[in-house]
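Novice: need a 3D model of the sequence below.
(2 chains)
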2 protein chains.
Amino acid sequence: MATVTSELTAKDTEFLRELGQQLRVDSIRCSTAAGSGHPTSSMSAADIIAVLLARHLVYDWSRPENPNNDHLIYSKGHASPLCYAMFKAAGAITDEELLTFRKFGSRLEGHPTPLIPWVDVATGSLGQGLPIAVGIALAGRYLDKLPFHVWALCGDSELAEGSIWEAIDKAGHYKLSNLTAIFDVNRLGQRGETEYGWDLDVYRRRAEAFGAHPIVIDGHNVEQVDGALARARQYRDKPTIVIARTVKAKGFSEIENKNGWHGRALPPDMAERAIAQLGGERHFTVFTRKPEAADATPASPPPAETVDVPTYEVGSKVATRKAYGDALVALGVLPDVVAMDGEVSNSTHADEFARAYPDRFFEMFIAEQMMVSAAVGMSVRGYRPFASTFAAFLARAYDFIRMAGISQANIRLTGSHAGVEIGQDGPSQMALEDLAAMRAIHSSTVLYPSDAASAAKLTTAMADRSGVVFLRTTRGAYPVLYGPEEQFPIGGAKVLRSSDQDQVALIGAGVTLHNCLAAADMLASEGTAVRVIDLYTVKPVDVGVLREASSVTGGHLVVAEDHYPEGGLGAAVLEALAEDPSPPRVAHCAVRGLPGSGKPEELMEAAGISPGQIAGAARRLLSAEGVEPAGSAGPRGSGGVPSSEGGH
Amino acid sequence: MATVTSELTAKDTEFLRELGQQLRVDSIRCSTAAGSGHPTSSMSAADIIAVLLARHLVYDWSRPENPNNDHLIYSKGHASPLCYAMFKAAGAITDEELLTFRKFGSRLEGHPTPLIPWVDVATGSLGQGLPIAVGIALAGRYLDKLPFHVWALCGDSELAEGSIWEAIDKAGHYKLSNLTAIFDVNRLGQRGETEYGWDLDVYRRRAEAFGAHPIVIDGHNVEQVDGALARARQYRDKPTIVIARTVKAKGFSEIENKNGWHGRALPPDMAERAIAQLGGERHFTVFTRKPEAADATPASPPPAETVDVPTYEVGSKVATRKAYGDALVALGVLPDVVAMDGEVSNSTHADEFARAYPDRFFEMFIAEQMMVSAAVGMSVRGYRPFASTFAAFLARAYDFIRMAGISQANIRLTGSHAGVEIGQDGPSQMALEDLAAMRAIHSSTVLYPSDAASAAKLTTAMADRSGVVFLRTTRGAYPVLYGPEEQFPIGGAKVLRSSDQDQVALIGAGVTLHNCLAAADMLASEGTAVRVIDLYTVKPVDVGVLREASSVTGGHLVVAEDHYPEGGLGAAVLEALAEDPSPPRVAHCAVRGLPGSGKPEELMEAAGISPGQIAGAARRLLSAEGVEPAGSAGPRGSGGVPSSEGGH
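Specialist: Numbers count the residues shown, from 1 in each chain, chains lettered A, B, ... in the order given. Okay, the predicted model is just below:
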């Protein structure tokens, strides 16, 4: 155990112990009332939270939006009884509300969510709170330049998650002395002992090796806790990790340090005995130090500048990823726009923002989980983060994106190098499931532009869009389709070719839109009237444009996507019109096999999404109903799989 | 730099240097021929691979299936030119084939895949090769009990991935002295210097803190490399990490250690100068030591036992997750069935297997990326792994599952606690996007049983299913619907109620099937003939059963799922019938809002997937077409969103 000095008087000590007992009792009371929850995991950290709340946290509970407030994240989100007991002790909620824990309609959910004004982000998927705390601390140190401190309470089980070490690594790299992680080492996980039990030295060595100041303490000794938290706030060079030896269910001898009590509320009779042993109910309200008036407040942002959206000459070849970089630089006039990348900024083109606004760009290296967490943390501080990497590698952070949806965080994710179109690098680098994955995120927006003009406009629109916004960009350079006057509202789609006589509509996005246009030329030359739709918003999809296309063509739609067949563009179209009185027939060109390496055109042909194959799908759709388009070779194949021989 | 002893003669040394130069020259030749690739990242590790291939790797190139072969994984998959140059040096491929690198149809793809018989798994998403190597080493030490060694070549950029530290942690925890990771610290990433450049001491301290023996060397000094690899193989207590200081593009002075040359093939003129500087082409073939005859071979597995699939009394309430545990225990008679879990085995019920077969159960703690990697590694060794955690937390390993699809690995993943049905724990613990995400994995199978009987049968069927197989289980206990004689072939669906007069079909899986049955009772009491379908295979879906339901009901389908609306059961049904001459109308009950905490029934009602709401959707579908079912209150709402007031 470290020798840490504390200035506590005997009276202070006595009060802090009492407060810890109150937090324990309340953790038990609310979880027993709910019939579920994690009282024992709360009891291990109760003394730590008591000392933090009463002596170190700087927070104005009546003004959670105060920019000088500290941040406290329960990375061990299952300690929600403790979190809510703390809110009661702070006077933020009543005892009555505390007892609504986990009940339908209560904001005190099983794990904390930002429905509660004093909760920054949803936690409960372990290993995520600390990385997000790092994001908040990055903002505090490099953007806000404010003296607030960021505290993260971590369980010892979650220290097995790699994301925890990505976070500590970045905190060390960026010298985040405004961050303190507290490891509540109670030795017991859900199903038994953790990997390292009470071997605190393992954590100490790891924390040190990853760039933090470790302080090892007894987490039930309030003097030691006080000394450690005080010292943590004083360091100026590195983050601090307080490694606290604690006891699960501390204070109730029947189950103290016993396995089998994770995630279980105490039955009423046990709860009664526990509360008695803990000294009964208490209802202290603790004064938390508010930020001082003298604390700096962030300079009020200058009036929003006009963003000068880049434009491109129609017909010139520009990659959508390049347009993303251009537009990001243009957005840089907005002082709250920040960007980060996973060490591939010269591919995603985020490097252009990095050069133009180095103070607002954060290199996260190859740590996508941390990158997304940093974006979430910066959104907590009110910034507008744009995070980018290859779309395939955003899969690495999928659980973080899922939780960002639950947090209702406002983050923008750009994934480049989508689909087989990337060519020679092969399948490991190809995003072919990202549209399905991103569409299924709560409140997400999914954008997939086909040309530089729309990519630039959509990137700009992302800045004002809330929720998780995903932009899919393409590796190769393709012709610019739209002039500078064209608008691309999110939720819209573009009809590029149309007539009242259209027999079939070809629907694409990204590279397949270009293939749809080429297919339309083929079909037009055969006398088939074709509608072409640029579905640049995949979610929320433009139901009106799709419905009209279905209506005009008698329900003949072809969807082509550089993505596996499940859950992507095809599903977006089908879901949109599923309940219509007369749903369309949809022929679906998608990547059905496992792609390899080759030239983009070779791989698109092999996948069945080439212009000729899209035209073939349209012919099949028409001929199968007896509408014989000129030049048709009759029905080919059967079922939903496009035949591999196309029209050219 | 460490002092490591080596037994090399001057002649050996000279040969190894020459071999290193050959590997460099060939890396340049094949990538220049391809016009893309990563020669400079190959050149930094060429001396390491030369020494490993000629002196330490034990491998029979003519029998890659030899169980005593070592394993060598290029965790830095972009060093594929080096990997393929090594194959040539080993005599496994010809120089001619080497020059097909990255060309369409060549098995020498941009990043290695197991299309090549000497490649175990696909790499190229950084930070995955080492965790998989840990899985192979786990199998070697604890299952095969064979003396083969596992080598993993890592780049320094990927050391920022948390998954690398999950892997080293587990290798240390499980004392995998049969594993050696080699860090090729060439200082330069894709866009510039790595986080720690040539500060090898950072890596040394981290490797040590995470439980490995670090050996720091000059990666271009073949004596040091030789000594380090020899020592690595001798340790008996811990894994070894060889931390090698190397130079990117080593050997070609024009670009040696220069930024801006990541992932770029040399133009032909530069390649010519480089090859000249490296001493020209060489075409050595190296003899690799084969496993000795005296090496142990794994005991031939006993004749496959008959699996005694558990059965349940119809009507009794049993959770599907419990049936998973029961069936897994039953599968234990098959000696190649192994299991692992992410520290929630008492929730997933994998703990029953752990108790019955402790030698074949691996606790991976809360490290889902490592858990999936361990499964992949064990599948490389021919085992049949079953890995389980909450379905929501499989999202943590999504990129690993994506890559497992590309590797065509045979792994079984079980995700419990799906959907809002879990109740009080709240949204962080609810999988609501897993069906969409898992369906979009290449060659995946997605199973979602509704009762214990089907769950047990499907778990058993998973053992014989190749590819990535996902089973979604439910938290709560629901009535057993099927008797012991019922069969559940993968790809099938069950029609639970039907007649030739059915007006509408209700399609569910998991908990919503029970709600569909209740809804069918409501509708039947109103005089509406209803078909009910248990879509226990979500992928590949039973098109025949769906098509017949659509045909009989005149295209009236209701799909109900405990999942967000995008990409799940609804999309599976729509995609299956999309191109049919007369596609069905599909009313879709799914979780459209962000759920909170509450009782399962409260949350299902709030989400719009209760029996009453499913019945309401059916009435809406029928009434909107003028088919007025008895008891209908007429059309409600519009569009695809079910109204929140249901039929009760």
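Novice: okay, CA-based contacts and neighbour counts for the rest of this
Specialist: Fine.
Novice: what separation is there between residue A:12 and chain B?
Specialist: Distance, residue A:12 to chain B, by CA to the nearest CA, to the nearest Å: 36 Å.
Novice: just how off-centre is the strand or helix carrying that residue within its chain?
Specialist: In this structure, residue A:12 sits in helix A:10-34 according to DSSP states H and E. Using CA atoms, centre = their mean, to the nearest Å, the mean C-alpha position of helix A:10-34 is found 34 Å from that of the whole chain.
Novice: now the element after that helix, going C-ward?
Specialist: Going down the chain from helix A:10-34, the next helix or strand is helix A:39-43, by DSSP H and E.
Novice: can you tell me the average pLDDT over that following helix?
Specialist: If you average the pLDDT over helix A:39-43, you get 98.
Novice: name the helices or strands packed onto the helix holding residue A:12?
Specialist: The contact analysis (3 or more CA pairs under 8 Å, 6 or more residues apart in numbering or on different chains; DSSP states H and E) places helix A:10-34 against helix A:39-43, helix A:46-51, helix A:80-89, helix A:222-234, helix A:268-277.
Novice: got the angle for it vs helix A:268-277?
Specialist: Regarding helix A:10-34 and helix A:268-277, their directions subtend 170 degrees when assessed with axes from the mean of the first three to the mean of the last three CA atoms, to 10 degrees.
Novice: check which residues of helix A:10-34 are buried.
Specialist: Buried residues in helix A:10-34, counting neighbours by 16 or more other CA atoms under 10 Å in any protein chain shown, are found at A:12-13, A:15-34.
Novice: point out the most buried one among the helices and strands packed on helix A:10-34.
Specialist: Mean neighbour count (mean count of other CA atoms under 10 Å in any protein chain shown) peaks for helix A:39-43 among the helices and strands packed on helix A:10-34, with a mean of 31.
Novice: chain center to that helix: distance?
Specialist: Taking CA atoms, centre = their mean, one finds helix A:39-43 lying 28 Å from the centre of the chain it belongs to.
Novice: does that helix reach chain B?
Specialist: No. No part of helix A:39-43 sits close enough to chain B to count as contact by CA under 8 Å from any CA of the partner chain; the gap is at least 13.4 Å.
Novice: helices and strands around that helix, which ones?
Specialist: Here helix A:39-43 touches helix A:10-34, helix A:80-89, going by 3+ CA pairs under 8 Å, 6+ apart.
Novice: can you lay out the ones you listed as TSV showing mean pLDDT and distance to residue A:159?
Specialist: Compiled in TSV, those are given as follows (pLDDT from 0 to 100; distance: least, CA to CA, whole Å):
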stretch	mean pLDDT	distance to residue A:159
helix A:10-34	98	24
helix A:80-89	98	19
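Novice: how about those, which one is nearest residue A:359?
Specialist: Between residue A:359 and the helices and strands packed on helix A:39-43, the shortest separation by CA to CA is 34.8 Å, and it involves helix A:80-89.
Novice: tilt between that closest one and helix A:10-34?
Specialist: With the same axes, to 10 degrees as the basis, helix A:80-89 and helix A:10-34 are set at 120 degrees to each other.
Novice: how far does stretch A:178-187 sit from the chain's center?
Specialist: Computed by CA atoms, centre = their mean, the separation of stretch A:178-187 from the middle of its chain amounts to 23 Å.
Novice: put the alpha carbons of that stretch into CSV.
Specialist: Listed next in CSV are the C-alpha coordinates belonging to stretch A:178-187 (Å, rounded to 0.1, in the frame of the first residue of the first chain):
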residue,chain,number,x,y,z
ASN,A,178,-6.6,15.9,-16.0
LEU,A,179,-7.7,12.3,-15.9
THR,A,180,-7.9,9.9,-13.0
ALA,A,181,-9.0,6.3,-13.4
ILE,A,182,-9.9,4.5,-10.2
PHE,A,183,-9.6,0.7,-10.3
ASP,A,184,-12.1,-0.8,-7.8
VAL,A,185,-10.2,-4.2,-7.3
ASN,A,186,-12.8,-6.2,-5.5
ARG,A,187,-11.3,-9.5,-6.8
